[in-house]
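> Okay, structure incoming, though there's no sequence with it:
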Ligand code: ADP
Ligand code: MG
């Protein structure tokens, strides 16, 4: 097999998209001791990814050799493998990038008069010369996947790809506040992050609004040192996305540790809310294995169970402290010291002092009584399910009176509900368990799930609005609201703005992460704008992962899920009637876009079958 093909195959593992290139190049810059890194992208990195650093630079030989596979300068003996402090060590990244793109390298070491210029095209060196350049290294990666059309076609829209780049970029800049970074996309500056300490880096990235919402976490022990911040319970959101774990300044994912954090907060959070966290672990590098995943996002810890309980305790402690002091002085939090854990330290039992009964959602707590409005589901007592008494009460409340029963002919032009002759027909309607509508007409019985029905109706309505570009009814807000998003979400929202207009959102970008909302879709019960948009985005992003549907269809589905009627809502007769009517006017009514079944139908035959005796 020719070397170039082998490299292309290996590249597939390491370089999947522009974001992977950015990650590898920026990590190399940090490994080279850079204190400033500039990243420049064109077309989400498809056309150009340029990373410049002021690090050590490379000499002439290294500048050529670095593109060879296993060219790493970071390992010279097997022992080194267990004491790694650098991010890269496999020596695969540059070889992989050179195999699938045009790479242009300029680099100069301190003390050298001139620098080196090397050009690579699909593993072939096409230029090698001296050049004038600043101390440090600049990699330009052009025409990504020029020779691998399958990979190129596999790339998503610029919007999605740029979001992936942002994900990687943030994982790196949040791990290295002591380094300054800038990021440009299509000549627009996206970030300019000065060198600072962690808390200030968080503010530079996520905006001032995060200041009062973070609780400091410190926990030291022999096996691990944990520092960082966790969001206050009250700042928990319906969107995931700001959950960051780092070990020895490297981002990693760890569902087990995530569970430790989430479960430490469990009694303080509504179930569908996520807490943000930025937690930095320091462990002896010989006690972790970062080698188990080609892109090194998963890390295996030798002392996982112990770390789980230390982490759990650290989070409880942070929240308990918050409860005691209640107002946190964010600016007095001491900066994180990244010094390594020494193996000789004595075992320090994690000290926990927290109030186990503390619950910020509890009205008596005084501080947060307004949250009962925000999270009604959380405070609602659990219904004693299917007690007959309750069903009876529901029926009594909702059974229509005889006067309500006549319906117009138009309403009867529904599936299975054609008017029979001219004789007056009755539609019997009632709600069961605040969740189902029982509709009887003539000899046909429909059992309708109200949430699924509403989702189907709204989905078709929102699709229509977007496709026909109809002006949607907008409910103007008395006071425009500013809504802050994470950088990735803000990017997504910007991409969706034209569609949002046809859905009834009147909003405009304001700065990098903020949208000013002037109006929201009319006809819906007033909701909190921020929460609604968050939930909407969360559903949208979830669908992106799991579905192949178009952007519009995804948005319509997310809107329908967000604004749809939920189970547990008591419906008046008029509301049920209107729901049933609209449902059967839908193009397709049996399933909700999320796949939930909308109704079951029994006609005379089905009913008599149900009662047939076995003999
Ligand atoms: P790894 O990082 O796993 O060692 P890479 O393929 O990413 O492998 O890089 C290969 C080698 O090129 C590195 O070990 C390093 O010696 C050199 N190198 C790469 N980028 C830089 C840079 N920005 N500054 C200095 N040296 C670099
Ligand atoms: Mg590397």
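Arrived safely, thanks for sending. These numbers come from a predicted model, not from an experiment. Ligands and ions are numbered 1, 2, ... in the order given.
> Next, count neighbours for residue 110.
10 (other C-beta atoms under 10 Å). Using the backbone N, CA and C atoms, a C-beta is placed for each residue, glycine as well.
> The closest residue to it other than its chain neighbours: neighbour count?
Once flanking residues are discounted, residue 110 sits nearest to residue 135: 5.3 Å by C-beta to C-beta, 6 or more residues apart in numbering. Neighbour count for residue 135, taken as other C-beta under 10 Å: 16.
> need the contact list for residue 135.
Contact partners of residue 135, counting by C-beta atoms under 8 Å, 6 or more residues apart in numbering, are 54, 57, 108-110.
> cool, residue 35 as well?
Per C-beta under 8 Å, 6+ apart, neighbours of residue 35: 54, 178-180, 195.
> Now flag whichever of those is closest to ligand 1.
Within the contacts of residue 35, proximity to ligand 1 (C-beta to the nearest ligand atom) peaks at residue 54, which comes in at 9.8 Å.
> The closest one against residue 136, yeah?
Yes - using C-beta atoms under 8 Å, residue 54 makes contact with residue 136 at a distance of 4.1 Å.
> Now rank the contacts of residue 135 by neighbours and give me the top one.
Neighbour counts for the contacts of residue 135 peak at residue 57, which has 26 neighbours (criterion: other C-beta under 10 Å).
> So what does it have for phi and psi?
phi 70, psi 170 (degrees, to the nearest 10).
> Quick check: the residue nearest to it when sequence neighbours are not counted vs ligand 2, distance?
Distances taken as C-beta to C-beta, 6+ apart place residue 109 nearest to residue 57, at 4.0 Å, with adjacent residues excluded. Distance, residue 109 to ligand 2, by C-beta to the ion, to the nearest Å: 18 Å.
> what's the answer for residue 60, then?
Distance from residue 60 to ligand 2, by C-beta to the ion: 20 Å.
> That residue and residue 117 touch, don't they?
No - applying C-beta under 8 Å, one finds residue 60 not in contact with residue 117, separated by 10.3 Å.
> So between the two, which is more surrounded?
Remark: of residue 60 and residue 117, residue 117 carries more neighbours, 19 against 16, as counted by other C-beta under 10 Å.
> can you pull the contacts of the closest residue to that one other than its chain neighbours?
Nearest non-adjacent residue to residue 117, counting by C-beta to C-beta, 6+ apart: residue 131, 4.0 Å away. Neighbouring residues of residue 131 by C-beta under 8 Å, 6+ apart: 106, 114-117.
> For this structure, which helix or strand comes out least confident on mean pLDDT?
The helix or strand of the chain with the poorest confidence is helix 376-379; it has a mean of 28 (mean pLDDT, DSSP states H and E).
> need the helices for the stretch 101-250 of the chain, in chain order.
Applying DSSP state H, counting those that start in this stretch to the stretch 101-250 of the chain gives helices spanning 149-154, 158-173, 198-206.
> At which residues are the strands of the stretch 1-150 of the chain located?
36-42, 48-53, 102-108, 115-121, 124-131, 136-142 (DSSP state E, counting those that start in this stretch).
> residues making contact with the fourth one?
By that I understand strand 115-121. Contact with strand 115-121 is made by 57-60, 63-64, 67, 98, 102-108, 125-133, as judged by C-beta under 8 Å, 6+ apart.
> repeat that with 7 Å
Strand 115-121 has contacts (C-beta atoms under 7 Å, 6 or more residues apart in numbering) with 60, 63-64, 67, 98, 102-108, 125-133.
> how big is the angle separating it from strand 124-131?
Put simply, strand 115-121 runs at 160 degrees to strand 124-131, going by axes from the mean of the first three to the mean of the last three C-alpha atoms, to 10 degrees.
> Strand 115-121 and ligand 1, any residue contact?
No - on the criterion C-beta under 6 Å from any ligand atom, strand 115-121 is out of touch with ligand 1, staying 11.4 Å away.
> strand partners of that strand, parallel vs antiparallel please.
Strand pairing for strand 115-121, using DSSP bridges, gives strand 102-108 (antiparallel), strand 124-131 (antiparallel).
> centre of the chain versus the longest one, how much separation?
Here strand 124-131 shows a centroid-to-chain-centroid distance of 42 Å under the convention C-alpha atoms, centre = their mean, to the nearest Å.
> any chance you could read off phi and psi for whichever residue of the stretch 351-500 of the chain sits closest to ligand 2?
In the stretch 351-500 of the chain, the residue that lies nearest ligand 2 is residue 488 (24.1 Å; C-beta to the ion). Here is the backbone geometry of residue 488 (degrees, to the nearest 10): phi -70, psi -40.
> these two touch, right, it and residue 165?
No - contact criterion C-beta atoms under 7 Å: residue 488 and residue 165 do not qualify, at 9.7 Å.
> Please say which of those two ends up with more neighbours.
More crowded of residue 488 and residue 165, by other C-beta under 10 Å: residue 165, with 26 against 22.
> Quick check: closest non-adjacent residue to that one.
Leaving aside its chain neighbours, residue 165 sits nearest to residue 19 (4.6 Å; criterion: C-beta to C-beta, 6+ apart).
> quick one, what contacts the one you found?
So residue 19 contacts 164-165, 167-168 (C-beta under 7 Å, 6+ apart).
> For the contacts of residue 131, which ChimeraX command selects only the ones that are buried?
The buried residues among the contacts of residue 131 can be selected in ChimeraX (16 or more other C-beta atoms under 10 Å) with this line:
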select :106,115,116,117
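> With pLDDT and distance to residue 188 as new columns, can the contacts of residue 131 be given to me in a markdown table?
Formatted as a markdown table, those follow (pLDDT from 0 to 100; distance: C-beta to C-beta, whole Å):
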| residue | pLDDT | distance to residue 188 |
| --- | --- | --- |
| 106 | 97 | 24 |
| 114 | 95 | 33 |
| 115 | 96 | 29 |
| 116 | 97 | 31 |
| 117 | 97 | 28 |
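> Pick out the most distant pair among the contacts of residue 131.
By the measure C-beta to C-beta, 106 and 114 form the most distant pair in the contacts of residue 131, at 10.6 Å.
> Direction included, what does the strand ranked longest in the chain pair against?
Using DSSP state E, we find that the single longest strand of the chain is strand 474-484. Note on strand 474-484: by DSSP bridges, its sheet partners are strand 514-521 (antiparallel).
> mind checking how far the partner strand is from the chain centre?
Using C-alpha atoms, centre = their mean, the offset of strand 514-521 from its chain centre is 21 Å.
> ok so, going back, redo the helices of the stretch 101-250 of the chain as JSON lines? Include mean pLDDT and distance to residue 283.
Putting the helices of the stretch 101-250 of the chain into JSON lines (pLDDT from 0 to 100; distance: least, C-beta to C-beta, whole Å) gives the following:
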{"stretch": "helix 149-154", "mean pLDDT": "88", "distance to residue 283": "35"}
{"stretch": "helix 158-173", "mean pLDDT": "95", "distance to residue 283": "18"}
{"stretch": "helix 198-206", "mean pLDDT": "93", "distance to residue 283": "18"}
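> possible to save those as CSV with distance to residue 303?
Compiled in CSV, the helices of the stretch 101-250 of the chain are given as follows (distance: least, C-beta to C-beta, whole Å):
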stretch, distance to residue 303
helix 149-154, 39
helix 158-173, 24
helix 198-206, 25
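> State the distance from the residue nearest to residue 110 to residue 172.
22 Å (C-beta to C-beta, to the nearest Å).
> Counting neighbours, which bits of stretch 217-235 end up buried?
In stretch 217-235, counting by 16+ other C-beta under 10 Å, buried: 217-219, 221-235.
> what about that stretch, how long is it end to end?
Terminal residues of stretch 217-235 are spaced 16 Å apart (C-alpha to C-alpha, to the nearest Å).
> pLDDT weak spots in this protein?
1-12, 71-90, 241, 291-296, 322-426, 547-548, 615 (pLDDT under 70).
> change it to 50
325-424 (pLDDT under 50).
> Could you check what's spatially nearest to residue 597, not counting adjacent residues?
residue 591 (6.0 Å).
> ok, residue 511 to ligand 2 distance?
34 Å.
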